[in-house]
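[1] Following is a predicted model, sequence given first.
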Amino acid sequence: MTNKIIFSGIQPTGDLHIGNYFGAVQNWVRLQNEGDYKCIYCVVDLHAMTMPYEPATLKKNTENLFVDLLAAGLEPSKSTVFIQSMVPEHTELTWILSCVCSYGDLTRQTQFKEKSEQLDGAAGAFISTGLFTYPVLQAADILLYRAGFVPVGKDQEQHLELSREVARRFNFTFGEFFPEPAVLSTETPKLLSLADPARKMSKSLGEKHVVPMFADEKTIRARIRSAVTDVGEDGTERSPGVDNLLSILRACGQTGQAATFEKEYESGQRRYAPLKDAVGEALVEMIGGLRARRTEIAADREGLRKTMWDSAQQAREMAAQTIKETRKLVGLPKR
């Protein structure tokens, strides 16, 4: 039988923005509601510890992101949605898998090079071992639930290869057990920075580059109005900034409006203000209902804590079975 388990995670590095939502979370909700897969989604707070951070900020961001995911449409009755650090089996499997992951494989991971270069040379710079070994934790996140699929965009497929290699090496050494997770290709928009459309939308670039997922109407409209469109190009091709706004409009479901603006642009009409107004209106309409839902969830503190606990326990039940079988295979005592 085909493995129909899906796993995916997201780091709590700040407020959810529309790039996160359209690029990942909206697709997670769709997969959950289709009912074809067993969906497991995780706030990977342990991954957020690999770069310098403040403990109080990490705690706040983790809890806020959990609320964000519920408000965005993930339902604990349909998916397993939990916080990574509340399931200690993740770190236990990480150690076991680190013993079948080669040093050479880790040295070839591009994110370590990129992030360590960000820190290198900074005053008091400290590059943690966790930043180097986090791909093993990433593999453990997926393999702990024996997931068959990980939903990623085309540009992220290489990130999954180490998990597949670790599974292969474990199976060769100790016997067939872990499935090699496959890419579940998704057609999701890759939104670009509003202020610098040559770069991917990211909150690390600064406030003017993103639209927070649960922003108020004033903020949404202001961010879109300030978005870069054309920057002095004389050609007839649409600029990345205009294409980005059209992508946002389509992502909000306004495909007809987007098509109209595209035709106008092709005929020589460059109506940037009406385009920005349309994008702002579409986002305000979409986000308004989600923001109300988020307020409701966050206000019920007791219910939220119970949901966090129950979801973590549900994940632990699955994880414990994997750890039980893994310990037996690698020669560790039963507990």
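    Sure thing, it's come through.

[2] so how many other residues sit close to Val279?
    Other residues near Val279 come to 29 when the count uses other C-beta atoms under 10 Å. (Each C-beta comes from the backbone N, C-alpha and C, glycine too.)

[3] Give the helix, strand or coil label for it.
    Secondary structure, DSSP: H, G, I helix; E, B strand; the rest coil: Val279 is helix.

[4] i'd like the first residue to be 254 from this point on
    That works, and once the first residue is 254, the last one we named lands at Val532.

[5] That one: what's it in contact with?
    Counting by C-beta atoms under 8 Å, 6 or more residues apart in numbering, Val532 makes contact with Ile477, Leu498, Ile501, Leu502, Cys505.

[6] All the helices of the stretch 454-588 of the chain, in order from the start?
    Shown for the stretch 454-588 of the chain, the helices assigned by DSSP state H, counting those that start in this stretch span residues 470-478, 493-504, 508-519, 525-552, 554-583.

[7] before we move on, back to that, take the contacts of Val532 and write them to JSON lines, including distance to Gly383, neighbour count and pLDDT.
    Output for the contacts of Val532, formatted as JSON lines (distance: C-beta to C-beta, whole Å; neighbours: other C-beta atoms under 10 Å; pLDDT from 0 to 100):
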{"residue": "Ile477", "distance to Gly383": "37", "neighbour count": "22", "pLDDT": "96"}
{"residue": "Leu498", "distance to Gly383": "38", "neighbour count": "28", "pLDDT": "95"}
{"residue": "Ile501", "distance to Gly383": "35", "neighbour count": "27", "pLDDT": "95"}
{"residue": "Leu502", "distance to Gly383": "40", "neighbour count": "24", "pLDDT": "95"}
{"residue": "Cys505", "distance to Gly383": "38", "neighbour count": "21", "pLDDT": "94"}
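
[8] Out of those, which is nearest to Ser416?
    Minimum distance to Ser416 across the contacts of Val532 is 31.5 Å, recorded for Ile501 (C-beta to C-beta).

[9] In this structure that closest one contacts Ile271, no?
    Yes. Between Ile501 and Ile271 a contact is recorded at 6.9 Å, counting by C-beta atoms under 8 Å.

[10] shared neighbours of those two, anything?
    Jointly contacting Ile501 and Ile271 under the rule C-beta under 8 Å, 6+ apart are Leu444, Leu536.

[11] and which of the contacts of Val532 is nearest to Lys461?
    Ile477 (11.1 Å).

[12] going on from whichever helix or strand Pro388 is part of, what's the next piece of helix or strand?
    Pro388 is located in helix 382-396, with elements delineated by DSSP states H and E. Counting by DSSP H and E, the next helix or strand C-terminal to helix 382-396 is strand 402-405.

[13] which strands and helices sit next to that following strand?
    Counting contacts by 3 or more C-beta pairs under 8 Å, 6 or more residues apart in numbering; DSSP states H and E, strand 402-405 packs against strand 258-263, helix 279-287, strand 435-438.

[14] Now with 7 Å, please.
    Packing partners of strand 402-405 (3 or more C-beta pairs under 7 Å, 6 or more residues apart in numbering; DSSP states H and E): strand 258-263, strand 435-438.

[15] Neighbouring strands of the last one in the sheet, and parallel or not?
    What it means is strand 435-438. strand 402-405 (parallel) (DSSP bridges).

[16] distance of Glu414 from Gln391?
    Computed with C-beta to C-beta, to the nearest Å, the distance linking Glu414 and Gln391 is 11 Å.

[17] Please read the previous query as pertaining to Arg503.
    In terms of C-beta to C-beta, Arg503 sits 31 Å off from Gln391.

[18] Which one's more surrounded, these two?
    Between Arg503 and Gln391, Gln391 has the larger neighbour count (other C-beta under 10 Å), namely 22 against 18.

[19] Provide a list of residues in contact with the spatially closest residue to that one that is not a sequence neighbour.
    Computed as C-beta to C-beta, 6 or more residues apart in numbering, the closest residue to Gln391 that is not its neighbour in sequence is Ser416, at 6.7 Å. If a contact means C-beta atoms under 7 Å, 6 or more residues apart in numbering, then Ser416 has Gln391, Ala392, Ile395, Leu396, Pro434 as its contacts.

[20] Distance-wise, check Ser416 relative to Met571.
    Distance of Ser416 to Met571, given as C-beta to C-beta: 17 Å.

[21] can I assume Leu543 is in contact with Leu323?
    No. In this structure, Leu543 is not within contact of Leu323 by C-beta atoms under 7 Å, at 10.4 Å.

[22] Those two: who's more crowded?
    Ranked by neighbour count (other C-beta under 10 Å), Leu543 and Leu323 place Leu323 first, with 20 against 16.
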